[in-house]
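Undergrad: Pasting a predicted model and its sequence here:
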Amino acid sequence: MRDIQVRNNLSAPHAGKQSPLYRMILSKTGMSSEFEPSTIDYSALWSDEWWGFHTSVVYTKLSKEQQRRVLGRCNQSLLNEAYFIEKSGLAYCAKMVLTAECTDNAQLYSFIGADEAKHLAWIEPYLDAQEKQLPSGHFLLFLSKLIEEFSPALLVYLVQIILEGWGLDHYNRLSKGCAQPQLSKIFSSILKDEALHHKSGNLLFDSTVFSVADFSLISDALQGYTQMVRVGPQAAVAAIDQISGGLSLEDVEEVLVALRHEEETVRKLMLLKQLMLQPGVEHLVENLNATGSFAPMSSHEAACSYLSAR
Ligand SMILES: [Fe+2]
Ligand SMILES: [Fe+2]
């Protein structure tokens, strides 16, 4: 059973609205099949105040139409990420069910898998067909690699404790800041389920089973998490950079300051550290701390990092 290979097929299509199966899934979620992504004004879902763009000189100098497009793209990137995380939850639970060594574990992961399927069905109608084929950002590929390649014991720590714990903060922010009541309620409902997923990870976590090789894999994965957070909101920077027609180093830095990169990224890194600090892995967290992995890049460094990858 331990040799089970799971493939996280991120770009797997949906059957579409005309499919009886699609309608059956939708009927389990309370969503309406009349809902059309083309009617959504993405720029209105989370405001420029929520992002911090309103204090950016670069942003306020854009035309109203450009500002609308920047917000629309940033907000779509939040939905894109949530959609693919929930979709990855299906592959995660499939692996955990098939490798479970006791019935209770298999039951638990079947329950969690049903939650993730429900979350996916809630979010899916908010994305157009193209968005559902295009996972954006490094994080989703990083997560897929963990799910496909790492052992269940490592995944309890890396996915259930760290990622699902992180998700509590993230979904809470999305819910509180979302201007569309139905979507805000969806994120709030997801949050309640994720709290249980995270808590069950705490119950199952056992670092005594980790080998030397496991600790090495975990250490690399923890570093991967911190590196993705340390650079700040690069997707939002990319949106304004592309829509404005290209920003200078100073402009990118100004946008990052407006997006409260240094304050927010410190907060997120501290949360990450707190989630990572579990019994038996403290030394790995301490090593990361000693090498500055929990310190955000300065806005200048993050701007240089963005431009070097552009
Ligand atoms: Fe979920
Ligand atoms: Fe979850």
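TA: Right, received. Where do you want to start? Ligands and ions are numbered 1, 2, ... in the order given.
Undergrad: rest of the way, CA atoms for contacts and neighbours
TA: Fine.
Undergrad: Give me the distance from stretch 98-116 to the chain's centre.
TA: 22 Å (CA atoms, centre = their mean, to the nearest Å).
Undergrad: next one: stretch 83-96
TA: 12 Å.
Undergrad: in that stretch, what counts as buried?
TA: Buried residues in stretch 83-96, counted by 16 or more other CA atoms under 10 Å: 83-96.
Undergrad: contact partners of it?
TA: Here stretch 83-96 makes contact (CA atoms under 8 Å, 6 or more residues apart in numbering) with 4-8, 10, 106, 109-110, 112-113, 116-117, 119-120, 123-124, 132, 135, 140, 143-144, 147, 152.
Undergrad: what sits against the residue in the chain that ligand 1 sits nearest to?
TA: Nearest residue of the chain to ligand 1 (CA to the ion) works out as residue 116 at 4.3 Å. Going by CA under 8 Å, 6+ apart, residue 116 touches 86, 87, 89, 90.
Undergrad: which of the residues you listed come close to ligand 1?
TA: Residues of the contacts of residue 116 in contact with ligand 1 (CA under 5 Å from the ion): residue 86.
Undergrad: out of the contacts of residue 116, which are inside helices?
TA: 86, 87, 89, 90 (DSSP state H).
Undergrad: Take those residues and write them to TSV, including pLDDT.
TA: Formatted as TSV, these follow (pLDDT from 0 to 100):
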residue	pLDDT
86	97
87	97
89	97
90	97
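Undergrad: Closest to residue 168 out of those?
TA: residue 86 (13.4 Å; CA to CA).
Undergrad: List the contacts of residue 125.
TA: Residue 125 neighbours (CA under 8 Å, 6+ apart): 35, 36, 37.
Undergrad: residues near the first one, how many?
TA: Other residues within reach of residue 35, judged by other CA atoms under 10 Å, total 11.
Undergrad: Helix, strand, or coil at it?
TA: Using DSSP: H, G, I helix; E, B strand; the rest coil, the structure places residue 35 in coil.
Undergrad: Distance check, it against residue 185.
TA: From residue 35 across to residue 185, the span is 16 Å (CA to CA, to the nearest Å).
Undergrad: quick one: what helix or strand has the residue of the chain closest to ligand 1 in it?
TA: Residue 116 belongs to helix 103-123 when assigned by DSSP states H and E.
Undergrad: tell me which parts of the stretch 1-150 of the chain are close to ligand 1?
TA: Counting by CA under 5 Å from the ion, the stretch 1-150 of the chain sits next to ligand 1 at 86, 116.
Undergrad: Helices of the stretch 1-150 of the chain, start to end?
TA: 20-27, 48-51, 57-60, 64-98, 103-123, 138-149 (DSSP state H, counting those that start in this stretch).
Undergrad: Looking at the ones you listed, which one is packed in the most?
TA: helix 64-98 (a mean of 21; mean count of other CA atoms under 10 Å).
Undergrad: Now do the SS call for residue 293.
TA: Classification of residue 293 by three-state DSSP places it in coil.
Undergrad: residues contacting residue 279?
TA: Counted by CA under 8 Å, 6+ apart, residue 279 has contacts residue 207.
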